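1. Have a look at this prediction, sequence included:
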Number of protein chains: 2
Amino acid sequence: MSVLDAIAAKRDGRANTDAQLRLIANGAADGSIPDYQLSAWLMAVYINGLSEIETAQLTVAMAESGERIDLSGLDKPWMDKHSTGGIGDKTTLILLPLLAACGLTMVKMSGRGLGITGGTIDKLESVPGFRTNLSPEEMKSQASRIGIALTGQTPRLAPADGVLYSLRDTTGTVTCEPLIISSILSKKIAGGADHVVFDVKCGSGGFLNDKFQADVLRQGLIRVGKEAGLEVRAAITDMSQPLGRTAGNALEVKEAISVLRGEPGRVRDLCLHLASLALDSAGINADPAAVLESGAALAKAKEWFAAQGAELAVFDSDDWCLSDHTFKVTRQGEAGWVSKVCAEEIGKLVVRLGGGRRAKTDHVDPTVGVEIHVEVGDKVEPGDKLLTIHSAEEFDGQVSVEVSADPVERTPVILS
Amino acid sequence: MSVLDAIAAKRDGRANTDAQLRLIANGAADGSIPDYQLSAWLMAVYINGLSEIETAQLTVAMAESGERIDLSGLDKPWMDKHSTGGIGDKTTLILLPLLAACGLTMVKMSGRGLGITGGTIDKLESVPGFRTNLSPEEMKSQASRIGIALTGQTPRLAPADGVLYSLRDTTGTVTCEPLIISSILSKKIAGGADHVVFDVKCGSGGFLNDKFQADVLRQGLIRVGKEAGLEVRAAITDMSQPLGRTAGNALEVKEAISVLRGEPGRVRDLCLHLASLALDSAGINADPAAVLESGAALAKAKEWFAAQGAELAVFDSDDWCLSDHTFKVTRQGEAGWVSKVCAEEIGKLVVRLGGGRRAKTDHVDPTVGVEIHVEVGDKVEPGDKLLTIHSAEEFDGQVSVEVSADPVERTPVILS
């Protein structure tokens, strides 16, 4: 069996065998298959597709193409959580302690932000002292002790995905559902997950702008995940406006703590929904709202932050770690109802302020960001605050919040 | 415009623009487009195709991706000839002097053999002294003086084709009609041709084994050639048995000289047919059979060989340059009619004897080869000679010529 057979089969619209998919994944990981052969195969997959069974086999092969986190001996059930990424998405910071307080073991690898989408690692690194480079042994020992461990991604897990992902970026094969699904799931499996709850974002600030496509991705994640041995739950959630009232690294950590303290709103609603999906998947009978109210999730968050070396002042001080300059955007025209707070524009603004990356090597300023004081459907009067911009320098940009003369319906955060 | 746009258009089944095809060809030639992007595009082309207009645009772009032979000032009309390659195919050695003697100017680049298919350069290099590395200036001056010049291929002509061809070989994108056609035609155009006559071989010893596919290729060469500014004629000819009575480098040169001297048979028939196509294309009213009979083609061949530095003993001596050992294969069974002389098997035998290449760097022994004393349809009696094998060492292989008890119809050499 040769890589040329695998390429030819997919080129001609035939199925790849499990052995061929393993050859591709291992050859990508160890460099024995050159880039030009991998990209020919990727294009054939883009055009002719992979069945769900092939996608699951590729997923497992990629997961097994490098090291895997060995979670034997940890209290089961344990759970991973994944968001396709969006503006102001701080759910990981809330869900991990909430679900750990409900009795699950949460072991998670998170990424850094690139483009308009933030990353959990960048958010946590705005907290002085927070370590995001735990070793597999530290991860296991901490998760075993307190029920949570989170670290940055390592190229040693699912290395085939790293190679194929960067090739896809330069060969026009990014927007290919089986390749997206296998990329996401392979890292979850290599990270040792049994259960995963997915938050598929839909809207201008997310990966997909179309509800139908989001649903195709959700169904694919669930079915391929099952085929690959994972228990998957997935929600489609709104990303037409930013999630919650902040976008920016330190600001989002503060908002997450407020939600853990009981703050109502769309972030809390989303976290409780994702928590109920996770608990259902794990077969645990707990009421996440009650756990949140009890303060147990907040206490678990403090325990988690402390375990990873963070200063706990963030839980007490309100002015912690914000940039010097604030600029307020207020309603200039007539009274009306907010019709649009474009997530994509807010995301671009955060990058422009220095709070996100244009290139992988960019430095991120944790102190900048945007407070969003209104949501779609809110009534605003002349002079009302719409946004507060935290900037390291003088800010002279334009930010638009659209206001309608007629009442505007609120958008649910859970779309499906 | 970026290479990603070109890849995405072809990926999605849309046409590539002329500018995109030029970007691909130039980027392949100068190395500015990495292999993995070229191979993604090649696979998209393989699956989604190129129209005849796109193929012609790619052909011209590849032809213009490097140096071009400048034939201005040469007597027009002039002509190139191309065979898709077969066992025992020595037509170039006959057609060039024959057509030059008819008043055409023949300027040709030829290749070396690889696999079972021989190459004209290898054949000519069996003649002591024959130079196959003429500079463009030498080519032009010699063609202008005597009407013929032939040289080996240079990577400086149509360099995009060299890059794409070697990528196709390793990415499962060889058997793709628009890529085959543009590869062949781009080298003809870069070589300066106005007219080309093609010999599309069909049968086990040729590139295509199927008459329908051969006809698709012929039609494509004619239509795309026209679109790219070439006048093209093409024949489909039989390659189910070797062409003529020899296969092997020195043996084939000797056979070509015999045909120039007037020897009848399939080689002569094919050369006269291709010559009439070429003369028709060029609008020259000459009778190639009469020119052959007159000895003018033989005289032109001597002039050509001498001009390129060859010793002319080959035109006189019969035992010139053959290996020491000969092994005769004779009819062992009953009398009958030859039903099969497999061209592919004879080609493999020549490679085994050392007369062909398995890898590009292999040395070729010009002195070995096979004389084929029978054709399909010939009657053979017990003890009749079937083959004579010229080998550098003792030969202990098996070679089969199939014989039927019933009469077998002869196969025409011109199929269409």
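-> Perfect, I can see it now.

2. A:Ala256 contacts A:Leu96, doesn't it?
-> No. A:Ala256 is not in contact with A:Leu96 according to C-beta atoms under 8 Å; the separation is 10.0 Å. Backbone N, C-alpha and C define where each C-beta goes, glycine included.

3. Pull up the per-residue confidence for A:Lys76.
-> Here the pLDDT value assigned to A:Lys76 is 63.

4. which residue is nearest the middle of chain A?
-> A:Ser83 (3.2 Å; C-alpha atoms, centre = their mean).

5. ok, the residue nearest to A:Glu293 when sequence neighbours are not counted to A:Ala275 distance?
-> The spatially closest residue to A:Glu293, leaving aside those adjacent along the chain, is A:Gly262, at 6.6 Å (C-beta to C-beta, 6 or more residues apart in numbering or on different chains). Distance, A:Gly262 to A:Ala275, by C-beta to C-beta, to the nearest Å: 15 Å.

6. buried set for stretch A:351-370?
-> Using 16 or more other C-beta atoms under 10 Å in any protein chain shown as the test for burial, stretch A:351-370 gives A:351, A:353-357, A:364-370.

7. Next: stretch A:49-58.
-> A:50, A:52, A:54-58.

8. Could you give the average pLDDT over that stretch?
-> 97.

9. Not counting its own residues, what contacts that stretch?
-> A:15-16, A:18, A:21-22, A:24-25, A:178-179, A:181-182, A:186, A:220, A:223-224, A:227-228 (C-beta atoms under 8 Å, 6 or more residues apart in numbering or on different chains).

10. again, only this time at 10 Å
-> For stretch A:49-58, contacts defined as C-beta atoms under 10 Å, 6 or more residues apart in numbering or on different chains pick out A:10, A:13, A:15-22, A:24-25, A:44-45, A:59, A:160-161, A:164, A:176-183, A:185-186, A:219-220, A:223-230.

11. restrict those to those near chain B?
-> Checking these against chain B by C-beta under 10 Å from any C-beta of the partner chain, the ones in range are A:10, A:13, A:44-45, A:176.

12. Whichever of those end up buried, select them in PyMOL.
-> Here is the PyMOL selection string for the buried members of those, based on 16+ other C-beta under 10 Å:
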select buried, chain A and resi 10+44+45+176
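
13. and the ones next to chain B among the contacts of stretch A:49-58, which two are the farthest apart?
-> The largest separation in those, counting by C-beta to C-beta, is between A:Gly13 and A:Cys176 at 15.2 Å.

14. about what we covered before: tell me which of A:Gly262 and A:Ala275 has more neighbours.
-> A:Ala275 (28 against 13; other C-beta atoms under 10 Å in any protein chain shown).

15. List the contacts of the closest residue to A:Arg112 other than its chain neighbours.
-> In space, and not counting its chain neighbours, A:Arg112 is closest to A:Gly119: 4.1 Å by C-beta to C-beta, 6+ apart. Contacts for A:Gly119 were tallied using C-beta under 10 Å, 6+ apart; they are A:85, A:89, A:92, A:110-113, A:125, A:152-153, A:249, A:356-357, A:364.

16. Out of those residues, give me the two with the largest separation.
-> Farthest pair in these, by C-beta to C-beta: A:Thr92 and A:Arg357, 18.3 Å.

17. Got the phi and psi for the residue nearest to A:Glu293?
-> phi 120, psi 0 (degrees, to the nearest 10).

18. so is the closest residue to chain B within the stretch 251-400 of chain A in a helix, a strand, or just coil?
-> Going by C-beta to the nearest C-beta, chain B is nearest to A:Ala359 of the stretch 251-400 of chain A, at 17.4 Å. Using DSSP: H, G, I helix; E, B strand; the rest coil, the structure places A:Ala359 in coil.

19. How much space separates it from A:Arg22?
-> Distance, A:Ala359 to A:Arg22, using C-beta to C-beta: 34 Å.

20. again, but for A:Lys302
-> 44 Å.

21. Could I get the full set of strands for the stretch 101-250 of chain A?
-> A:105-110, A:148-152, A:195-202, A:231-238, A:246-247 (DSSP state E, counting those that start in this stretch).

22. among these, which is nearest A:His325?
-> strand A:246-247 (16.5 Å).

23. circling back: just name the closest of the contacts of A:Gly119 to B:Lys211, please.
-> Closest to B:Lys211, out of all of the contacts of A:Gly119 and judged by C-beta to C-beta, is A:Gly85, at 56.0 Å.

24. Isn't the closest one up against A:Thr92?
-> No. The criterion here is C-beta atoms under 10 Å, and A:Gly85 misses it with A:Thr92 at 11.1 Å.

25. Which of those two has more residues huddled nearby?
-> Per other C-beta under 10 Å, whichever of A:Gly85 and A:Thr92 has more neighbours is A:Thr92, with 24 against 21.

26. what about the residue of the stretch 201-350 of chain A found nearest chain B, neighbour count?
-> Nearest residue of the stretch 201-350 of chain A to chain B: A:Gln213, at 15.9 Å (C-beta to the nearest C-beta). Residues lying near A:Gln213 (other C-beta under 10 Å) number 15.

27. A:Asn209 too?
-> With other C-beta under 10 Å as criterion, A:Asn209 counts 15.

28. Might you report the residue contacts of it?
-> A:201-203, A:239-240, A:344.

29. One more: A:Ile33?
-> A:3, A:6-7, A:23-27, A:41, A:160, A:163 are the contacts of A:Ile33 under C-beta under 10 Å, 6+ apart.

30. try A:Ala307
-> By C-beta under 10 Å, 6+ apart, the neighbours of A:Ala307 are A:131, A:134, A:138, A:141-143, A:145-146, A:148-149.

31. Tell me the one of these nearest chain B?
-> For the contacts of A:Ala307, the nearest to chain B is A:Leu134 (34.2 Å; C-beta to the nearest C-beta).

32. now that closest one: how far from A:Trp304?
-> For A:Leu134, the distance to A:Trp304 equals 12 Å [C-beta to C-beta].

33. Can you give me the separation between A:Trp41 and A:Gly147?
-> Taking C-beta to C-beta, one finds A:Trp41 at 41 Å from A:Gly147.

34. Tell me which of the two has more neighbours.
-> Neighbour tally, A:Trp41 and A:Gly147, criterion other C-beta under 10 Å: the higher count belongs to A:Trp41, 33 against 24.

35. my guess is that one meets B:Thr173, correct?
-> No. A:Trp41 lies out of contact with B:Thr173 (C-beta under 10 Å); the separation is 11.4 Å.

36. Which residues are in contact with each of these two?
-> With C-beta under 10 Å, 6+ apart as the test, A:Trp41 and B:Thr173 both reach A:7-8, A:11, B:39, B:43.

37. Quick one: mark the members of those that sit in strands.
-> The subset of these located in strands under the criterion DSSP state E is empty.

38. Counting neighbours, which of those residues comes out on top?
-> B:Met43 (34 neighbours).

39. ok, that one - contacts?
-> B:Met43 neighbours (C-beta under 10 Å, 6+ apart): A:7, A:10-11, A:36, A:39-48, A:171, A:173, B:7, B:10-11, B:168, B:171-173, B:176.

40. Nearest to chain B among the contacts of A:Gly119?
-> Nearest member of these to chain B, counting by C-beta to the nearest C-beta, is A:Arg357, at 20.8 Å.

41. thought that closest one was touching A:Val351?
-> Yes. Using C-beta under 10 Å, A:Arg357 makes contact with A:Val351 at a distance of 7.2 Å.

42. At which residues are the helices of the stretch 101-250 of chain A located?
-> Counting by DSSP state H, counting those that start in this stretch, one finds helices in the stretch 101-250 of chain A at the ranges A:120-125, A:136-146, A:159-171, A:177-190, A:211-227, A:249-260.

43. Output those as JSON lines; include the columns distance to B:Ala335 and mean pLDDT.
-> Formatted as JSON lines, the helices of the stretch 101-250 of chain A follow (distance: least, C-beta to C-beta, whole Å; pLDDT from 0 to 100):
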{"stretch": "helix A:120-125", "distance to B:Ala335": "86", "mean pLDDT": "94"}
{"stretch": "helix A:136-146", "distance to B:Ala335": "81", "mean pLDDT": "89"}
{"stretch": "helix A:159-171", "distance to B:Ala335": "63", "mean pLDDT": "92"}
{"stretch": "helix A:177-190", "distance to B:Ala335": "64", "mean pLDDT": "94"}
{"stretch": "helix A:211-227", "distance to B:Ala335": "66", "mean pLDDT": "94"}
{"stretch": "helix A:249-260", "distance to B:Ala335": "94", "mean pLDDT": "96"}
